[in-house]
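K.L.:
requesting a structural model of the entry that follows:
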Amino acid sequence: MHDADNKPILFCSCNDKSVHLYELPRFRVRGKIYGKQEVRTMESGAGGLFFTGGGGGVALWKWLSQGQAAERDSPE
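P.N.:
Residues are numbered from 1 along each chain as shown. Here you go, the predicted structure:
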């Protein structure tokens, strides 16, 4: 899967209800996302959307570019 900046990202579903994200090819940690139950499937969609699913249903996520994320996280 690719992020909003078109960088390849590896998703690794873990048994602790989390998905670890790694930027390829260096396997640099990009973060974690958490589900209510174990995540068993992931699928990319159009427009930077991606989905995770498992026993707890389906969650919809949207990639932000690094610039958007920095703006969002900065104090106002």
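K.L.:
per-residue confidence for Glu23?
P.N.:
Glu23 is assigned a pLDDT of 95 by the prediction.
K.L.:
which residues does it contact?
P.N.:
Shown here is Glu23, whose contacts under the criterion C-beta atoms under 8 Å, 6 or more residues apart in numbering are 3, 7-10, 29-30. Just so you know, the C-beta spots here come from the backbone N, C-alpha and C atoms, and that holds for glycine as well.
K.L.:
could you redo the last one with a cut-off of 6 Å?
P.N.:
Counting by C-beta atoms under 6 Å, 6 or more residues apart in numbering, Glu23 makes contact with 7, 30.
K.L.:
same question, Gly57
P.N.:
Residues in contact with Gly57, defined by C-beta under 6 Å, 6+ apart, are absent; none qualify.
K.L.:
kindly report the same for the one 3 residues further on.
P.N.:
By C-beta under 6 Å, 6+ apart, the contact list for Leu60 reads Phe51.
K.L.:
A strand includes it, no?
P.N.:
Yes - the assignment for Leu60 by DSSP: H, G, I helix; E, B strand; the rest coil puts it in a strand.
K.L.:
before we move on, what's the pLDDT of it?
P.N.:
With respect to pLDDT, Leu60 scores 91.
K.L.:
likewise for Ala70?
P.N.:
In this model, Ala70 is scored at 47, pLDDT.
K.L.:
how about His2?
P.N.:
Looking at His2, its pLDDT reads 88.
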